[in-house]
Each structure stands twice: as structure tokens, then as C-alpha cells.
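Asker: Sequence and predicted structure, then a few things I'm wondering about:
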Amino acid sequence: MTGGALPMSAPKERLFERLGLSEQNPSHRAIYNKMREEASAGRDRLSLSRENLVEQCRLNPAIQPPYSWDNLSETARHREILNIYRSASITTRVYYDYGSYRSGPNEENWVVQWCLWHVFRYRDNRNKARGTGATGGYYNENYGGGPPTSELLLIIGASL
């Protein structure tokens, strides 16, 4: 288990490789599924309070749960990463330990962060495909609060 943190965008196969797991091994897949369950519970906790949002999203009434990763403050994400790590099952804690490190006075965990980011990404991509999500049905990757330009053009065209 060497090599430092994986980028959050790294595929699952790279995480398995970095943690010494095999996707062909049913017990390893079960460990990964448990890690995903713990991250999903963390994702759900982050959507319990508007206080977890960055200020511009907190002030925008169109931003409703479930919140997207980009709507959440860095502080809220970090707090939940540490919460997941500290409350992890015996089985997953062993793998989370590989991602635990200190950056100055701050405790970090790249394995938990990777898992949490991926459960958000999976859910957010499903919601985008359905046309729903943390933006009240609209998706704008730069802001998250209002229809994309293509939808605005359709709305304007329909009202003429």
C-alpha cells in the first residue's frame, strides 16, 4: 500500500490495486461494498443541514437536498470524512488506515475522501440523467443554481 493519495477521479480499479484488493475476490468486493455503504451514510448526513453548504448555496432557496459535492463546504466535507473514518467498522477501518495521514495540524484520509466523492458522483450523475437533483431539476456545473443556457433558450423560445 504505497504511492500516496489517489486523485478522487481515479477509477475503482486503481483504488482496489492501491489497497491490495482484487475485484475478482468476493470478500474483497464485500469490503468495498461496506466502504461504499459507510460513505453513502456520510453523504446522507451531509444533506441533513443547510449549514453544510457553501454560503452562496445556503442563501439560494432553489438548492435543496440531496446536495451535490460542490454545494458542500470544505469544512463540512472534511468533518464527515473524519466522522466516517472514526466510526468505521472493524473490516473497513483497516483499509481506511492506509489513507490516514497528517497535513500539518490537520488529519486527512484520502481513502474515505475517495469513497465519499464517488458516492456523490454516482448519485449526482444518476440525478442528472433523470433531470433532478440538488438544483431543483437544473444542473449547472459552475454554479448549481439555475437552468443551463440550452434550457434557457428553450424556455425563451417557448414563451415567444
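Answerer: Ah, there it is.
Asker: pretty sure residue 96 contacts residue 110?
Answerer: No: contact criterion CB atoms under 8 Å: residue 96 and residue 110 do not qualify, at 9.6 Å. From N, CA and C alone the C-beta is placed, and that goes for glycine too.
Asker: Secondary structure element for the residue lying closest to residue 88 once chain neighbours are set aside, which one?
Answerer: Nearest in space to residue 88, with sequence neighbours left out and distances taken as CB to CB, 6 or more residues apart in numbering, is residue 96 at 5.4 Å. Taking DSSP states H and E as the definition, residue 96 sits inside helix 90-97.
Asker: Show me what that helix is in contact with.
Answerer: 19, 21, 31, 34, 35, 38, 84, 85, 88, 109, 111, 112 (CB atoms under 8 Å, 6 or more residues apart in numbering).
Asker: and if we set it to 10 Å?
Answerer: By CB atoms under 10 Å, 6 or more residues apart in numbering, the residues outside helix 90-97 that reach it are 1, 15, 18-21, 27-28, 30-39, 81, 84-89, 100, 109-112, 115.
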